[in-house]
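>>> Pasted the sequence and its predicted model underneath.
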Amino acid sequence: MTMFDHELATSSSEDQKNGVTETFLASNMPRKTSYVASEGTGMERRVGTELKDLKGRILAMAGYVEQAIDRAVQALQERNSKKLEEVYQLESKINQSHIDVDNACLGVLARQAPVAADLRLILAIIKINTDLERMGDQAVNISHNAERYLREEAVEIAQVFPQMAALVRTMVRDSLDSFVNADIELARKVLKSDDAVDEFKKNTIEKLMQVMKSEPTKIDGALDLILIARNLERMADHATNIAEDVIFVSTGEDVRHGGGKKGS
């Protein structure tokens, strides 16, 4: 069972202190905030139900992203171009989910006019939705580059890409898990993992440059692999964006662009 099958977290939060209403971008947010709508009136229960549905949609979309990463890298590793068609099919599902989630968020905003914790959750979902859609785009980019690579002479270093992809896939899963459970420590772990992916990409490109110098017949294939390494690194960046949003929504600490104490 993956984390996308887990029950969504349902804990309550304090939305106002000393008469100051929290907003998503407020600088005076409390140190810890959960993501669940309060339950009480009929309206509050309806908001809670709709937000739970939105979280479920996001998790399903993230599942498609994980599958797309797997299929793209399997095609590369097994030199099996048929796997690439599955990536394109998954991207269609990701794109449709992107539209559906955006429309659902706008619907909740229009019907319920949520405030405080509920509003922060919706805004976080909108941003996460965009990052997941862009991960799907990167999976397609990997497929395009892999399709070219499969027509070229094999490069031995290609066998290290499943390791890099596994790390990225874990980052995607952990970033969504940290969102669902408001797990700040797990979000910070994702930030640290991004550094590992960056180092992996750097070392891989250096090795591929050596291949290009020593084996000119493999230049085209090596270039395709360099692009794939960059695609995977961009996926890791999007997972990092999600983790940064989790930290900000929960604590008010802005760790984007190296701010705050990123990864500490």
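Noted; the coordinates are in hand. Residues are numbered from 1 along each chain as shown.
>>> For residue 246, give me its contacts.
Residues near residue 246 by C-beta atoms under 8 Å, 6 or more residues apart in numbering: 124, 175, 178, 179, 182, 183, 184, 187. For the C-beta atoms, the positions are set from N, CA and C on the backbone; glycine is no exception.
>>> can you rerun that using 6 Å?
By C-beta atoms under 6 Å, 6 or more residues apart in numbering, the contact list for residue 246 reads 178, 179, 187.
>>> Can you lay out those as a markdown table showing distance to residue 161?
Formatted as a markdown table, these follow (distance: C-beta to C-beta, whole Å):
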| residue | distance to residue 161 |
| --- | --- |
| 178 | 26 |
| 179 | 27 |
| 187 | 26 |
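>>> Show the buried residues in these.
Buried members of those, scored by 16 or more other C-beta atoms under 10 Å, are 178, 179, 187.
>>> any idea which of the contacts of residue 246 is closest to residue 213?
Looking at the contacts of residue 246 and their distance to residue 213, the nearest is residue 187, at 40.5 Å (C-beta to C-beta).
>>> Packing partners of the host helix or strand of that closest one?
Assigned by DSSP states H and E, residue 187 belongs to helix 184-214. Helix 184-214 sits against helix 161-181, helix 219-251, with contacts defined as 3 or more C-beta pairs under 6 Å, 6 or more residues apart in numbering; DSSP states H and E.
>>> Indicate which one of those is closest to residue 52.
Closest approach to residue 52 among the helices and strands packed on helix 184-214 (C-beta to C-beta): helix 161-181, 10.8 Å.
>>> Tell me the gap between that closest one and the middle of its chain.
In terms of C-alpha atoms, centre = their mean, to the nearest Å, the centre of helix 161-181 is set 8 Å apart from its chain centre.
>>> Would you mind pulling the contact partners of that helix?
For helix 161-181, contacts defined as C-beta under 6 Å, 6+ apart pick out 3, 8-9, 62, 65-66, 69, 73, 76-77, 186-187, 190, 193, 197, 200, 232, 235-236, 239, 242-243, 246.
>>> What subset of those is buried?
Looking at the contacts of helix 161-181 with 16+ other C-beta under 10 Å, the buried ones turn out to be 8, 62, 65-66, 69, 73, 76-77, 186-187, 190, 193, 197, 200, 232, 235-236, 239, 242-243, 246.
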